[in-house]
Each structure stands twice: as structure tokens, then as C-alpha cells.
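J.: Got a sequence here, can you model it:
(chains A, B and C)
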Amino acid sequence: MSLDKNTVRTIANLARLEVRDDELEHLAGELSNIIHFVEQLAEVNTDGVAPMTSVVHMDLPRRVDAVTDGDCQDKILANAPEQQDGFFLVPKVVE
Amino acid sequence: MAYVIQGETGDWELVIGLEVHAQVISKSKLFSGASTLFGGEPNTQVSLVDAAMPGMLPVINEYCIEQAVRTGLGLKAKINLTSVFARKNYFYADLPQGYQISQYEYPIVGEGEVILDMPDGSTRKVGIERLHLEQDAGKSLHDQHPTKSFIDLNRSGVALMEIVSKPDMRSPEEAAAYVTKLRSILRYLGTCDGNMAEGSMRCDANVSVRKAGEPYRTRAEIKNVNSIRFLQQAIEYEARRQVDLYEEGGQVVQETRLFDSTKGETRSMRSKEHAHDYRYFPDPDLLPLMVAQDFVDGIKAGLPELPDEKKERFMGDYGLSSYDAGVLVAEQANADFFEAVGKGRDPKLACNWVMGDFAAAMNRLGRSIDNPPVSAADLGGLIDLIADNTISGRIAKEVFELMVETGKAPAVIVEEKGLRQVTDTGAIEASIDAVLAANGDKVAEYRSGKDKLFGFFVGQVMKATGGKANPALVNEILKKKLG
Amino acid sequence: MTRLTRLTMAEARDGLARKDFSATELTEAHIRAVEAARHLNCFVTETPDLALERAKAADARLAKGEGGAMEGLPIAMKDLFCTEGVRTTASSHILENFVPPYESTVSANLKKAGAVMLGKTSLDEFAMGSSNMTSYFGPVENPWKRKDDAGAKLVPGGSSGGSAAAVAARLALGATGTDTGGSIRQPASFCGIVGIKPTYGRCSRWGIIAFASSLDQAGPMARTVRDVSIMLGAMAGHDPKDSTSAPVAVPNFEAALTGDIRGLKVGVPKEYRPQGLSPEIEKLWDDGIAMLKDAGATPVEISLPYTKYALPTYYIVAPAECSSNLARYDGVRYGLRVEGKTLDEMYAKTRAAGFGKEVRRRILVGTYVLSAGYYDAYYAKAQRVRRLIADDFAKAFQTVDAILTPTAPSAAFAIGETDGNPVTMWLNDIFTIPTSLAGLPGLSLPTGLSADGLPLGLQVIGRPFDEETVLKVAEVMEKAAGFTAVPAGLEG
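T.: So this is what the prediction gives:
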């Protein structure tokens, strides 16, 4: 499947990556090339094969319900680009 | 009686499905050891995992799994012994990872049901589609700054159960009854505190309308309704809007709408509309969640008596009406109070007192069942005094108010105030004789056929005895004397 | 004192024990080497003060006869491991100024073992690449030179290129790497050193900046098999903070180096000899097979029929996971922020400016293959093929104890020698990716030189959690190969 410029624009928007209009053409070509490459999987018969989401063969480990973490506002905010009164700040979100 | 919306082109039926987000009662978060307490200073109940610092990894809280299974069992639902956590990918300022860990294809709980108790005492069954575990997001504050939103991640990562109903509800009242009942069940189970004001229970409503017999039409999703009253208002408004739209020749579009409680209307959230594509896939940081059947059986064995069973028992054992039983069992504490009052006593009398004067006093004083105006033991004692004819029902109301006022035991009040019922036939006869003597004209009228005057004589006798005369005896002796 | 940088890790350890020199002396020698080799651009951040501080502490412990398995041994840390108080960048503009308030489990384990961190090494941005050319901080240069073309600057491979080059150039006794599709083994091969990607789950991923969670695995890079054995023992271990970390005991890997592989069956997969494979690589491989035979092992031809689908499978799975893993770099809580009028504008500008080209490309591919309507055709399909690839190995390991293959299809290439087609670049990992998809341990060791005089590596693959056999086989080959060549300028 080839990706057109519109698809690239949609994907870039989903991924929150700004893409200039004059980059779309080139990107569409490049991504189509990649997608074409991976599409050779279509020739593999995978009927009855369950997807493998992990190579780990064990039960999901669990922790006990106890407060063992948090209370480290300084660490949480240490690298914040913008903060005030203990909050992170972002451009105003209008709903 | 079916709920219909009368339009110009005929009657429309309402179709409602609800998605309830219930915060799991746990000490720590679903995938981190940070506290879940409500109301901390911003970003203090946040671990590096909750803030999605680079390289941080989730580890699941075993108690949250237990709570989800418990809730599933309480909803008489199928527990899926294997379930899978998936990432729901989207960007938002209070979603630090850029994805929410949720369950998609394989939720921990499958189909179940909730029985609605309608105000008229009837019941209705609503199907549960699924229940899954997921992370809550943080909180955005939009009114602190002219150009900035403030982000607090204290809630980020708190465990939620998303409980999805089937589109089985047909009126705003049913939707309200569903949320009420679900809340009641969760509180019985101890899996969610049901506090809608604090946001520990939130509700999204999928609403569509159709003509009778039609397949489902397009639905709109109303997001984040935070009270049962608003839920009803939002559904009513939305249903009417859709009917009007169709009748004007328009179409309902599948979209997310927000309920504005000040204006009482829903409006489109266009900002959220552009290309939502959550790109779910199994979270590679976690493995499939397996629960053993004996784990499930163990939880099942420890379940408390739930509202439906309790109601059943109250109706069967105590002979209460469906309505009374439904009201009493809605809150476990109320049901327990009733049972404490009614134990070994006339259940109907206990029910009347608990739901009558007692409930009224609680409302009037703004008290709760955990801090009742009168203890269950004292209220029971009062009922005992009625039962053994120490006081009459009428005096009992007076005693009850004094109990509320003074906190004294009913027997003490009766003694102190000398409210003990007069059962000495001699004394009652003397009072009656005096009343009859003083009202010779009325006696004559009565005897000439004016039966209604009987009540007048009873009243006069009660007045003369300070209300303490046993009403049954007064009636009996009066009848004889007037004969 | 420059001789101190020529020691192997094991030799340095023994020297420290004998008090031939101090940890401080050893560390100072390496700090000087790091400073003298800045033209190679191996390090994003040097931490000489911290290193000396740790060396001093190590000397104190050694003086008391205490100390861990790596007490006082200077190493380099791939800049993908979060290090408390030390800038951690993933070689990305978006994390250029990120200083983690926490320490990754692996780097903490190394610290506990007494290792001395010299600094943070460069990598392909977010570990995505096979050349180290995608680093925001510029390419890393391979210390090796072509025999007849000393002017050509060669890549060290990637993504752990800074680590590989630093170890090869004798700037550190060892270095940490991470491997998602070959990022330890391919640069080890390009730089003439030893690197092992252990079994998935052997080393904790906690605190390692994630690229593709189901594939990422940390491992050691050093100059000998013994050295990676020592270092792997210090890095590995069960970590309850990583849900995919295996609750298995860490064996004494060094003790596995018995030198005896008699009777072992070593698989030689026919699918790793594709049409057009360089005769040089083919000969290297055949020589390796002969070494095994000489040592009493039995080479067995095996078939891994789904091998050719590993690369396309990987390039669906890895970008998909990366597109999600990298969503957290949004300019809100840490890292670069480029202001925008709206939140979405800020996100898009920040991420476009913060991520380099290859990372953006992989995010876009990953977003596409997960998007509505394509999930089944791409992601779910790839996960099914992944199982077939893993099953291939499982079947093979029913009859063989280890597998021998080339590590990479070529020797190191020069910066600027690529055709710009990302898929061509990806072919570098054609022999390492299947192992990653199956989660198996794989080790690369140098066994020969190309006609150009550049190192070439062979890969030994083992059963899950059987790094011991891998190391044992590799050590026998190491002895047999007698690889003594060193990078330009380090001769004599």
C-alpha cells in the first residue's frame, strides 16, 4: 500500500509531529517504500498462529497494595519546562 | 409505562447505554506505589512512574485485580481468567505517558447484569457488557491563569473500573436507577466509594432515539456527567435535541458531547473530534494477566450479602413491600440499622419508624446513619414500649422527639415525663364518665344517630388523660357506655 | 601509565587485588585516554570528577579487603541508562538537558559492584540506527581504519556505537549497551570487541529509556569474553520494578568458561547464507565452524525457515512500540519545549524539533501500522510471524546447544557511504534481528579481519537463559581465533 500526502498528514497529526507541506511528498515516498518492504509478510501463512506479544513465559508479577512511592514533588518537577505553585504549566486548553 | 418523546412525526423511544468509571478503593495506584488519597498538594501523590519519566515501568497492584474480580462477581458477571492490558494512545496534557494503560480486546470481566429498582417498586434488568481496569488521568485546571492550564498528576495512575452497560435503558429514570443501583452494589462490595462529587464515580451516557421497532440509530456520547440529577437532565435534553434534529430533516452525528449543567444543555466537543484513533495494542511492558479459578472462588466465598439478596430476604423474612425493602437496602448501613432496630420486633413497625420519623429527623438535622440522631437500640426500645402497651403510638412520637432532643433512653423519658399509658380501666371509666357528664347534649345527639361524634368523645377522653389512656380501652369502654 | 588502559577487565581486577596499582590510578589513566580521544566523539557527557570520587571510594573498600565484583573498574555507560544527577540524553535534542532524579537498575547494579563510571556514551538517537550517525551530538568515529584508506572515517555501528568505540579505543575497560535488533552485537562486530545481548528479561529495563519494550535488553561490551562474563554478572538480576524481568538466579558466568565444548552440537542455519553474502563473511563463518570442530564440538546444519521475514517483522513491531513509547516526550514535564499557541501546536512543534529524522520516520511508521484499519494487516500479522520465527529457534534448540552465524553482513562502512535508503541501512541487522525477536541470548566476538583490515564478528546464539553455553563456546572460539589486532594508533 502506498501512502499519499493526506495519509501522511493524518498520521503526523496523530503522532503530534509538525510536518511542513513541502515535506509531505518526500515523506509519503519514503514511508511507502518502508510499508512496501514490510508488506512481504503478507505472503506468510499465519492461519491459526496466535500473535506473540511477549517472549516472556511467566505470570504477570504483582505488587502488594501499599504506599511505597510518591511524595517527591521536587523530583517530579525538577525537569519541568514550566511550573508554578507545584503544577506543570501548558498552553491553555479550551474545551 | 414506557417513556416516549412525542414528536411531530410520532412517538420516539429512547435508547441509553452507560459507561461508568468507578475509582477502585485501594491504598496505592494501579501500576505504582503512590497514594490514592484525594485532595493532596499538587503533584505530591505522584511517583516517577505516574509522571512517565523516561525508563519507568508499570507493576500491577494485586489488590486492584481482586477488587475488579469482586466487582465482577457482584455484577453476576463472567470473570475472564486471562485478560490483557493494552495501551490506548492519545495526547493530552494530563496523560503523561501519551497513552492510557487500559484493557481492550480482553477485559478482566465479561457479561453480567444489574437489577434496577424503579420508584414504583417494579424491577428491570440491565445487561453489563464488560468491566475493565484502567488508569485514571491527571487533572487540568483551566481557571488559574489567563493563558495557561495547570496540570496536577495526583490522580494519574489511580485504578479505575470502566463498567459498560448494554444499551438496555429506555428512560432517564432507568438511567438514574441504574447508576443508583450500581453505586449501591459497589459500596456494598467495598470496591468504590461512589462519591460522585469527588469524581470517584463518573458517568458517560450513550444516547440515541428511534421509532418503535426500528434498529438502533446513531448515538451521541455525553461525557463526564458528575451527578445523577445531571445525568437525567443531560439525557432528557439530548433525546429532545435528537428528535428535533431528525424531525427537521437533519441527522445525528456520532460525536462526543459535553453536558453544561448551568445551561442544562449538551454541546459538541469539537476540539476532541479531530481524528480519534487510539491505536490500541497490548502493552509490551506487561504480560497477560492470569487469575486462577480458586482465587475467584475465594473472593466469591467472601462476598457480602448484596442489595438484591438482602431485599429479597427483607421481603420474604420481614414481609416488607418491594418498595420499602428497596429503599432500606440501598445503603448497607441503613439496612444494618433497620435490622438492628427490627431484630426480635415487629419488622413492619420497625420499618415504619426507620423510614418515617427516624429518616425525617436525620434529614432535618443533617445527620447520617453513621451518626444517627437516635441509636438503633433506643429506637428498638421505643418500639418495645409501644408493643407492650407502655405507651401509645401517638405518645411514642412525642417520646421520639424527646429522645432526639435529649439523647435519653425512651424508658427514662416515659418515666420522667409520666407518659406511661393508662390501662387501668377504672381510671379510664372515670375520665369517660366525666366527659359524658360534661357533654350531655352531644351524648343525646350521638344517641339520636350522629355516629360521627364518637371521635369527638375519644378526643375529649384522650385530652383529659393527657394522651396517656390506652386508645383501644377508651374505644371499648366508650362504646359500652354510649351503647 | 597508558599501559593500564591496555589491560583487560579481568587483568585490571587482578592487578587491583594485587595492589599493583590503585583504582584511582586506573581511573586517571582512562580519564586521560577519554580526553585524548575526544575526536572520536564517543562521549556525550564525561564525568571525570564523579569517576575519581568513585575510584577513591573503591580504593578505600579495596584497602579493607572489601569490594564488589567490579570494584574500581572504569567503564562507560550508554547514554540511554538514566543516571541520577548525570544528564541522560538518549543522544536526542529532546532530552538534551534532562537530568534524571533516579538511577537505572542496571547502572545501580554496576555501581553496587564497584564499577567506576567515566561518562555517558553516544548512541543513535533513542537507540534507533546501526551507524551512530543519527545522534543529535554528531556521529561517533570508529577507531579502526581501513588498511589503505586511513582518511575514511568509519562508523562504529549502532546503536551502542559510542560504547563500542570507547571500548575498542581503550577508553574504558567495558561499557554498557542496549540491544533491540542488534545494537550491541553489530557495533561490537564493527569495532572488534565482544558484546552480548542476554536473554530478554535477564537485565532489568527499569530506568533504561525505552525504544521497543518487547525487544530492548541491556548487555555488556568489553574486549574479551571473560570481561563480558564478569560485567554481565554485575548487570543482571531479577528486578521487581520491571514486570518482564525474569525471576531467575544469576549464575557465575565466569565459571562457565571451562574451555571444554566437546560434544556440544552447534547449529549452522542455512538461511544465514543468502545469495550475495560477501565471500569474506562466508569464509569467516566457515573458519569459525572449523574452530568449533577442532575443539570437539559438532557443527549441525539447521534450518530457520522464517529468517527472511525477521526484518520486515521487526520493522513493524519496533516502530509500533516506539511510536507509543516516545509519546511521553511532549514538552510538558521534562525535556525540550517549543512554545505554541495551543497545546497541540506545542506538542507538534516540540516533537518535530526535538526528534531527528530517523526517529520521526519510525514514529510515523509505527503510528501508521497501529492505526485503525491497518492493525490486523501489519501489527497483528507481524506478531504472528514473530511467533513463527521464535518457533524456528525453539525447534532448532531441540537438537543443538548453540547456533553460530555471522554478526553482520559487512565490516564497518564509512560515514557518508550509505545510499540514504533507510531499508538498506536496516539490512545491517539482518543476522541479529531474528534473535532479538525470539528474545534469545546472542554474543558477537571478533574472529577475523576483512581484506581492508577491519574487524569482523561472529555471533553465538543460545537457549533462553543459557548465556553460560554461549559464553563458553565464545571463549573457546576467542582462543582459537587469536584475534590480536587493535585499532589504528594502538599498535605496539
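J.: where's the closest residue to residue C:231 other than its chain neighbours, which helix or strand?
T.: In this structure, residue C:231 finds its nearest non-sequential neighbour in residue C:220, 3.6 Å apart by CB to CB, 6 or more residues apart in numbering or on different chains. Every C-beta, even on glycine, is put in place using the N, C-alpha and C of the backbone. Using DSSP states H and E, residue C:220 maps to strand C:217-222.
J.: top helix in chain A by residue count?
T.: helix A:21-38 (DSSP state H).
J.: Please state the offset of the helix or strand just after that one from the chain centre?
T.: Following helix A:21-38 in sequence order, the next helix or strand is strand A:62-63 (DSSP H and E). From the chain centre to the centre of strand A:62-63 is a distance of 26 Å (CA atoms, centre = their mean, to the nearest Å).
J.: The very next helix or strand once past the strand holding residue C:220 - what's its average pLDDT?
T.: Scanning forward in sequence from strand C:217-222 by DSSP H and E, the next helix or strand is helix C:225-235. Looking at helix C:225-235 alone, the average pLDDT works out to 98.
J.: tell me the centre residue of chain B?
T.: Computing the C-alpha centroid of chain B and ranking residues by CA atoms, centre = their mean puts residue B:180 first, at 4.0 Å.
J.: Spatially nearest residue to that one (excluding sequence neighbours)?
T.: Distance criterion CB to CB, 6+ apart; nearest residue to residue B:180, sequence neighbours excluded, is residue B:228 at 6.3 Å.
J.: One more: residue B:161?
T.: In space, residue B:161 is closest to residue B:22, 4.7 Å off (CB to CB, 6+ apart).
J.: Let me see the contact set for the one you found.
T.: If you count contacts by CB atoms under 8 Å, 6 or more residues apart in numbering or on different chains, residue B:22 has them with B:71, B:160-163, B:182, B:186, B:191-192, B:194, B:200-201.
J.: burial of the residue in the stretch 301-450 of chain B that chain A sits nearest to, as a residue count?
T.: Using CB to the nearest CB, the closest approach of the stretch 301-450 of chain B to chain A is made by residue B:302 at 16.4 Å. When neighbours are counted by other CB atoms under 10 Å in any protein chain shown, residue B:302 registers 9.
J.: thinking again about what came up before, buried set for the longest helix of chain A?
T.: Going by neighbour count (16 or more other CB atoms under 10 Å in any protein chain shown), the buried part of helix A:21-38 is A:23-24, A:27-28, A:30-32, A:34-35, A:37-38.
J.: if we can go back for a sec, what mean pLDDT does the host helix or strand of the residue nearest to residue B:161 get?
T.: Using DSSP H and E, residue B:22 sits within strand B:10-23. Average pLDDT, strand B:10-23: 97.
J.: Let me see the mean pLDDT of the helix or strand following it.
T.: Using DSSP H and E, the helix or strand that directly follows strand B:10-23 along the chain is strand B:60-61. The pLDDT scores in strand B:60-61 average 98.
J.: hmm, who's touching strand B:60-61?
T.: Applying CB under 8 Å, 6+ apart, the contact partners of strand B:60-61 are A:60-65, B:26, B:28-31, B:85, B:159, B:286, B:289, C:243.
J.: which residues sit against the very next helix or strand once past that strand?
T.: Following strand B:60-61 in sequence order, the next helix or strand is helix B:62-74 (DSSP H and E). Identification of contacts with helix B:62-74 by CB under 8 Å, 6+ apart yields A:62-65, B:22, B:24-27, B:30, B:78-79, B:108-110, B:112, B:131-133, B:159, B:161, B:163, B:185-186, B:188-192, B:289, B:291, B:295-296, B:299-300, B:303, B:306.
J.: give the contact list for residue C:131.
T.: The neighbours of residue C:131, taking CB under 8 Å, 6+ apart as the test, are C:124, C:139, C:155-158, C:161, C:413, C:415, C:418, C:425, C:428.
J.: Which pLDDT value belongs to it?
T.: Per-residue pLDDT puts residue C:131 at 94.
J.: who's residue B:201 bridged to?
T.: Taking DSSP bridges as the rule, residue B:201 bridges to residue B:22.
J.: Count the neighbours of residue B:152 for me.
T.: Using other CB under 10 Å, residue B:152 is surrounded by 22 other residues.
J.: What values do phi and psi take at the residue of the stretch 301-450 of chain B closest to chain A?
T.: As for residue B:302, its main-chain torsions (degrees, to the nearest 10) stand at phi -100, psi 10.
J.: Keep only those of the contacts of residue B:22 that are in helices.
T.: Filtering the contacts of residue B:22 for helices - DSSP H - leaves B:71, B:182, B:186.
J.: My understanding was that residue C:383 contacts residue A:51; is that so?
T.: Yes - using CB atoms under 8 Å, residue C:383 makes contact with residue A:51 at a distance of 3.4 Å.
J.: who's more crowded, those two?
T.: Between residue C:383 and residue A:51, residue C:383 has the larger neighbour count (other CB under 10 Å), namely 24 against 17.
J.: Secondary structure element for that one, which one?
T.: Element membership of residue C:383, judged by DSSP H and E, is helix C:381-396.
J.: Who does the next helix-or-strand element following that helix pair with, and is each partner parallel or antiparallel?
T.: Using DSSP H and E, the helix or strand that follows helix C:381-396 in sequence is strand C:402-406. Applying DSSP bridges, strand C:402-406 is found paired with strand C:265-269 (parallel), strand C:455-462 (antiparallel).
J.: Now intersect the contacts of residue C:131 with the helices, please.
T.: Counting by DSSP H, the part of the contacts of residue C:131 found in helices is C:161, C:425.
J.: Of the contacts of residue C:131 - the most surrounded one?
T.: Within the contacts of residue C:131, most neighbours by other CB under 10 Å means residue C:161, with 38 neighbours.
J.: Give the buried residues for the helix or strand harbouring the residue nearest to the centre of chain B.
T.: For residue B:180, the host element (DSSP H and E) is helix B:172-189. For helix B:172-189, a neighbour-count test (16+ other CB under 10 Å) marks B:172-179, B:181-189 as buried.
J.: Show the buried residues in the contacts of helix B:62-74.
T.: Among the contacts of helix B:62-74, the ones that count as buried by 16+ other CB under 10 Å are A:62-63, A:65, B:22, B:24-27, B:30, B:79, B:108-110, B:112, B:131-133, B:159, B:161, B:163, B:185-186, B:188-189, B:191-192, B:289, B:291, B:295-296, B:299, B:306.
J.: Help me confirm that residue B:431 comes into contact with residue B:463.
T.: No - counting by CB under 8 Å, residue B:431 does not reach residue B:463; the two are 9.5 Å apart.
J.: just checking, what packs against the host helix or strand of residue C:49?
T.: Using DSSP H and E, residue C:49 sits in helix C:48-63. Contacts defined by 3 or more CB pairs under 8 Å, 6 or more residues apart in numbering or on different chains; DSSP states H and E place helix C:48-63 against helix C:23-36, strand C:116-121.
J.: Of all these, which one comes closest to chain A?
T.: Among those, the nearest to chain A by CB to the nearest CB is strand C:116-121 (16.3 Å).
J.: circling back: point out the most buried one among the strands paired with strand C:402-406.
T.: Mean neighbour counts were compared across these using mean count of other CB atoms under 10 Å in any protein chain shown; the top stretch is strand C:455-462, at a mean of 29.
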